[in-house]
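**Q** just coords:
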C-alpha cells in the first residue's frame, strides 16, 4: 500500500477566500484558516484522508460558465472532432476564437489530501457527497523530460543557431525583446546563464516560487537553468520569469518532482501576470515553457473516471491551461521521453499513447525531439496524444552541447525551450494584441507548423508532427513586404498638393507645401459632386466640403511618396483609402502633371502578349 494525492475542487464559500491568501504560512496557521470554511470542514470528516495543510487552499481561475471545458470538449473524439488515423495522422487546423485580454472568468478553490491508494476510489465517492465539493481528481506526479546520459552530444548551441537562422531573425529584430518567457521548471540560476554568454532580462517580481526560502533567479544550477539557456538561443533579448514549479518538495517528493496541484498554483500566478495592467509601450506577450510531464499512469484514475487526468479535459490543470491560453499566452509542452526505440526508464515500458494530459492539449505546441542532423531521437514520445490525437505538433533540436548543466542538453526537455525561443522571437515582431486574429496563440502555432521543414512521411506524422521548426522560413514570413512604388510608377511619386484634411489623415506622407507663385488667373472650381459611397465604411471626414477654402487660403500639404519607408508603414486598408482620396481629389481639380508614359518598347493595344495589335 502507498499514499497518493487527491485534488479537491470546491465552490466558493466565505472561508475559502480568506484561507487562500497565497502566502507561505506554517501548517498550523494554514489549517486554522482552512477550518473556517464549511466545505473544508465537511471534507475533513472523511476518515480515510489527511488534508495537506502545507498546500493549503489555492484559488483557481476558470473561464466563466465552464467555457474552458466546453470548448475543450469540442476537440475530443467523443464529440466528433475530425481526428487522424493512428498510422500516419492528417492535417488538422485548430482555431481559437474570441481572444480577449480580460475574458470572463469564475473562481473555484482547490486543496489536496493524502489517501491510501487502496482507499482512493472510496474516498473520492465520499468527498463528492459533501456540500460545496465540485470535483475530486487525481494529483499525479510530474517530472522533467530529461533523458538519462547516453550517446554523446551532436553539435552545440552555435549549430542550433545556424540551423534556426538566428542571425537573420535577430537582424530583423526577432530576438525576444519585449517578450516574457516563463520557464516552468526546477528554477533558474541567472549567474550561470550569464557565464555562458547569454544576457536576457530577468523579472523577479513576476517570477514565482512554491515555498518560502527560495529566491527566483538564484536557484541551484539544474534542469530549469538548461531550459532557460536553450530558450535564449533564438530569443537572447527575452525577459525570463522563473516559475520554480519542481522545487515544491511536497510530501514524498524529490528535488525535481512536483504534483499537478502545484502546477495549478503556478498557472494561476501566470494568469494574474497576464491580467495585470501594463505600463505604456509594454506588450502583453507571454511564452510558457513546460519541459515536464507525467511518465507513467502508475497512479491516475482510470480513463473514463471523472477524476482522471491523462485523458480528461475537465481536470483542473487541463482547464487552467485553457484559461491561460485564452488570455493570450503561447504555451509549449515537451512531448515526453517514452519513445519506443529507447524509452526513459520511468516510462516502465509504456510507449503507446504516452503523450499524457496537458502535454497533448489542443491549445499548446507539443514538441518532439530531433538531433542536429534532423534525425528523430529514439526516446522522443510518439503520438497519438491522449487529449487530441494529432500530437506532437512540431519537432525541436535536442541532444547538443549548450548550457553546460549536463554533458548534452537533451530529451524533449531541451527541444521544447528551443522552439519556445523561436516563438518568443516571433512575438517580438508580432506581439499579442487582444482581438487581432493574426496575433492569437492559434495564429502563432499555425505559423510555426506551416513553416516547418517536413520530416518523415509526407505531411503530418506522429513521430515529428509537422516537421522540425524552421527559423529560416519564419524569417521569410516575417520580412516586411517592401513596395517600391516610386521605382515602378515614378509619375505618382511626384509631390502633389492636397487639402490639409488628407495630410491630417496621413501625416507621415505629407510635408508642408512650399510657397509657389499663384497662377495669373483663378482656377475654376467645379461644383462638388456627392462623395461616391464606399461600401461598408463611413467617412471619418470629408475634405471635399473644405476644398474651396483650402484652395483659396493655400492651406495645403504636399503628398510625398518618395520616402518609401513611410509608405511601408501603411496597412493594405490604409493604402487603399489613401489612393481613393487621391483619385477623388484629382478627379475634381485635374492632375497637375502629364499622363504617365507608356512602358518602354510597348505599343498601345498590342505588345508581344500574342493578343494582336
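**A** Everything's here; your move. The model shown is predicted, which means the values in this text are computed figures rather than measured ones.

**Q** drop to CA atoms for contacts and neighbour counts, all remaining ones
**A** Fine.

**Q** Tell me, what's the model's pLDDT at residue 124?
**A** Residue 124 carries a pLDDT value of 92.

**Q** Now do the SS call for it.
**A** Per DSSP: H, G, I helix; E, B strand; the rest coil, the secondary structure class of residue 124 is helix.

**Q** Was I right to think it contacts residue 136?
**A** Yes: Residue 124 is in contact with residue 136 according to CA atoms under 8 Å; the separation is 5.9 Å.

**Q** what about this structure, any weak spots by pLDDT?
**A** With pLDDT under 70 as the threshold, the chain has low-confidence stretches at 1, 21-31, 64-102, 146-149, 249-257, 481-574, 577, 580-582, 584-613.

**Q** Could you chop it up by domain?
**A** 141-434, 485-589 (automatic domain parsing).

**Q** Please work out which of these is packed deepest.
**A** domain 141-434 (a mean of 23; mean count of other CA atoms under 10 Å).

**Q** need the domains of the chain in JSON lines with distance to residue 474, can you?
**A** Converted to JSON lines, the domains of the chain look like this (distance: least, CA to CA, whole Å):
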{"stretch": "domain 141-434", "distance to residue 474": "8"}
{"stretch": "domain 485-589", "distance to residue 474": "20"}
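
**Q** wait, which of the ones you listed is closest to residue 440?
**A** For those, proximity to residue 440 was assessed by CA to CA; domain 141-434 is nearest, at 6.4 Å.

**Q** neighbour count winner among residue 124 and residue 136?
**A** Ranked by neighbour count (other CA atoms under 10 Å), residue 124 and residue 136 place residue 136 first, with 26 against 22.

**Q** would you say that one is within a strand?
**A** Yes: assessed with three-state DSSP, residue 136 lies in a strand.

**Q** what's next to the helix or strand encompassing residue 225, contact-wise?
**A** Element membership of residue 225, judged by DSSP states H and E, is helix 223-231. Counting contacts by CA atoms under 8 Å, 6 or more residues apart in numbering, the residues outside helix 223-231 that touch it are 144, 146, 157, 183-190, 192-193, 198, 240, 244, 291, 402-405, 409, 413-414, 417-422.

**Q** now stretch 276-291
**A** By CA under 8 Å, 6+ apart, stretch 276-291 touches 144-145, 178-185, 227, 274, 328-334, 412-414, 416-417, 420, 423-424, 427, 431-433.

**Q** Mind checking the domains of the chain for the one nearest to residue 469?
**A** domain 141-434 (5.9 Å).

**Q** shouldn't residue 155 be in contact with residue 398?
**A** No: Residue 155 is beyond contact range of residue 398, at 9.6 Å (criterion: CA under 8 Å).

**Q** so what sits against both of these two?
**A** residue 372.

**Q** that older thread, from the contacts of stretch 276-291, which land in strands?
**A** Judged by DSSP state E, strands contain the following of the contacts of stretch 276-291: 144, 180-184, 330-334.

**Q** Quick check: the farthest pair among these?
**A** Distances among those were taken as CA to CA; the most separated pair is 144 and 180, at 21.5 Å.

**Q** In which helix or strand does residue 43 reside?
**A** helix 38-44.

**Q** Can you name the next helix or strand after that helix?
**A** strand 49-51.

**Q** and that next one, what does it pack onto?
**A** strand 105-116 (3 or more CA pairs under 8 Å, 6 or more residues apart in numbering; DSSP states H and E).

**Q** The strand it packs on: which residues count as buried?
**A** Buried residues in strand 105-116, counted by 16 or more other CA atoms under 10 Å: 108-116.

**Q** What strands flank that strand, and is each parallel or antiparallel?
**A** strand 3-10 (antiparallel), strand 49-51 (antiparallel), strand 58-63 (antiparallel) (DSSP bridges).

**Q** Correct me if wrong: residue 62 contacts residue 103.
**A** No: counting by CA under 8 Å, residue 62 stays clear of residue 103, with 9.9 Å between them.

**Q** How far does stretch 345-365 stretch from one end to the other?
**A** With CA to CA, to the nearest Å as the measure, stretch 345-365 spans 25 Å from end to end.

**Q** Now do the contacts for residue 245.
**A** Counting by CA under 8 Å, 6+ apart, residue 245 has contacts 184-187, 209-210, 258, 262-263, 266.

**Q** and the gap between the residue nearest to it when sequence neighbours are not counted and residue 413?
**A** Setting aside the residues directly before and after it, residue 245 is nearest to residue 185 in space (CA to CA, 6 or more residues apart in numbering), at 5.3 Å. Separation of residue 185 from residue 413 (CA to CA): 10 Å.

**Q** Contacts only, for residue 107.
**A** Contacts of residue 107 by CA under 8 Å, 6+ apart are 11-12, 59-62.

**Q** can I get these in CSV with distance to residue 304 and neighbour count?
**A** Shown next, in CSV, are the contacts of residue 107 (distance: CA to CA, whole Å; neighbours: other CA atoms under 10 Å):
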residue, distance to residue 304, neighbour count
11, 23, 15
12, 27, 19
59, 26, 23
60, 24, 24
61, 25, 23
62, 22, 24
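
**Q** okay if I get those residues as CSV plus distance to residue 379?
**A** CSV is the format used below for those (distance: CA to CA, whole Å):
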residue, distance to residue 379
11, 42
12, 44
59, 37
60, 34
61, 35
62, 35
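
**Q** What values do phi and psi take at residue 329?
**A** phi -80, psi 140 (degrees, to the nearest 10).

**Q** Please name the bridge partners of the closest residue to it other than its chain neighbours.
**A** Leaving aside its sequence neighbours, residue 329 sits nearest to residue 286 (CA to CA, 6+ apart; 5.0 Å). With DSSP bridges as the criterion, residue 286 is bridged to residue 180.

**Q** How much space separates the residue nearest to residue 245 from residue 243?
**A** 6 Å.

**Q** so where do the helices sit in the stretch 51-200 of the chain?
**A** Ranges of helices within the stretch 51-200 of the chain are 67-73, 120-128, 157-163, 166-171, 190-195, based on DSSP state H, counting those that start in this stretch.

**Q** nearest to residue 53, of the ones you listed?
**A** Per CA to CA, nearest to residue 53 of the helices of the stretch 51-200 of the chain: helix 120-128, 17.3 Å.

**Q** Run through who's touching the closest one.
**A** With CA under 8 Å, 6+ apart as the test, helix 120-128 has contacts from 4, 6, 43, 46, 48-49, 115, 133-136.

**Q** try 10 Å this time
**A** Residues from elsewhere that reach helix 120-128 (CA atoms under 10 Å, 6 or more residues apart in numbering): 3-10, 42-49, 114-117, 133-138, 301, 305-307.

**Q** Among those residues, the buried ones, what's the ChimeraX command?
**A** The following ChimeraX line selects those of the contacts of helix 120-128 that are buried, judged by 16+ other CA under 10 Å:
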select :3,4,5,6,7,8,9,10,42,43,44,49,114,115,116,117,133,134,135,136,137,138,301,306,307
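
**Q** so which strand or helix has residue 337?
**A** Applying DSSP H and E, one finds residue 337 in no helix or strand.

**Q** can you check residue 369 too?
**A** Residue 369 belongs to strand 365-370, assigned by DSSP H and E.

**Q** just checking, next helix/strand downstream of that strand?
**A** strand 394-397.
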